[in-house]
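Asker: below are the sequence and a predicted model for it; my questions follow.
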Amino acid sequence: MKKILNPFVKLEGYNCFGCSPDNPAGLQLKFTEEGEYIVARWMPKPQFQGWKNVLHGGIQATLLDEIASWLVFVKLKTSGVTSRMEVKLSKPVYTDKGELTLKARLSEMNRNIAVINTSLFDYDGELCTTAVMHYYTFPLQVAQEKLWYPGGEAFYENEADSGG
C-alpha cells in the first residue's frame with residue numbers, strides 16, 4: 001500500500017468538493033495505491049444523508065466519480081473529465097455504522113476513453129454500490145497546460161514510490 005499525496009493543495013483557490021482537505025463542506029477524501037487499485041477509506045458524516053442514517057445516492061455517485069479521477073491522475077498519469085457514469089445502488093449505505101471503502105480499477109482504454117470500475121463497500125466489507133465510469137483523458141501536455149496536472153511523480157513522497 002502506497003500513500004498518495006494531494007499535490008493540488010498548493011494551488012491557489014483549490015477547493016474541490018471531493019478531495020480538498022480544506023473544504024469543510026466537502027468529502028475530504030484521501031487515497032492509497034494498492035496494486036492495480038486506487039483505494040480510499042472514508043467515514044460518512046450525518047450531513048450527507050438522503051434518508052435517516054442512509055448515505056445520499058448522489059454522494060455515493062460523487063465518491064465513485066472522485067476515486068475514478070484519482071485513478072486517471074495516478075495510474076494514467078494525466079487528467080480527465082467524466083463523460084459517462086453508470087451507477088448501480090444495490091444496498092443501503094449507512095452513515096452511522098462506520099468507515100466505508102472505495103476502490104477503482106482500470107477496466108480498459110478505448111483511445112482516450114478510460115473505462116474504470118468503481119466500488120463502494122460498507123463498514124462490514126459488503127459491496128453496496130458500483131459504477132462504471134467513462135473518463136475522457138487529455139494528452140499530457142494539455143493536462144499540464146490547461147488543467148494544472150503536476151505530473152505523476154507529484155503524487156508520491158519520492159520518485160521511487162511512483163514506480164519510475
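Answerer: It's in.

Asker: find the residue at the geometric middle of this protein.
Answerer: For the chain, Ile67 is the residue whose C-alpha lies nearest the centre (C-alpha atoms, centre = their mean; 1.2 Å).

Asker: how about the helix or strand hosting that residue: buried residues?
Answerer: Ile67 is part of helix 57-75 when elements are defined by DSSP states H and E. For helix 57-75, burial by neighbour count (16 or more other C-beta atoms under 10 Å) applies to 59-75. Bear in mind the C-beta positions are built from the backbone N, C-alpha and C, glycine included.

Asker: same thing with stretch 32-42?
Answerer: Neighbour counts over stretch 32-42 (16+ other C-beta under 10 Å) mark 33, 37-40, 42 as buried.

Asker: next one: stretch 41-48
Answerer: By 16+ other C-beta under 10 Å, the buried positions in stretch 41-48 come out as 42, 44, 48.

Asker: check stretch 76-91 too.
Answerer: Buried residues in stretch 76-91, counting neighbours by 16+ other C-beta under 10 Å, are found at 76-80, 82, 85, 87.

Asker: among those, which are in helices?
Answerer: The members of the buried residues of stretch 76-91 all map outside helices under DSSP state H.

Asker: and of the residues you listed, the nearest to Leu140?
Answerer: Closest to Leu140 out of the buried residues of stretch 76-91 is Thr78 (5.3 Å), distances taken as C-beta to C-beta.

Asker: who are the contact partners of that closest one?
Answerer: Thr78 sits next to 72, 137-140, 143, 149 when contact means C-beta atoms under 8 Å, 6 or more residues apart in numbering.

Asker: ok, for Gly26, nearest residue in space, not its chain neighbours?
Answerer: Among residues not flanking Gly26 along the chain, Phe17 sits closest, at 4.5 Å (C-beta to C-beta, 6 or more residues apart in numbering).

Asker: which strand or helix spans the one you found?
Answerer: Phe17 belongs to no helix or strand, assigned by DSSP H and E.

Asker: how close does it get to Ile59?
Answerer: According to C-beta to C-beta, to the nearest Å, Phe17 and Ile59 sit 10 Å apart.

Asker: also Lys146?
Answerer: 29 Å.

Asker: same check on Leu120?
Answerer: 10 Å.

Asker: can you check Trp42 too?
Answerer: 10 Å.

Asker: pLDDT wise, what is the closest residue to Ala40 other than its chain neighbours at?
Answerer: Excluding its sequence neighbours, the residue lying closest to Ala40 (C-beta to C-beta, 6+ apart) is Leu102, at 4.4 Å. Reading off the confidence values, Leu102 has pLDDT 98.
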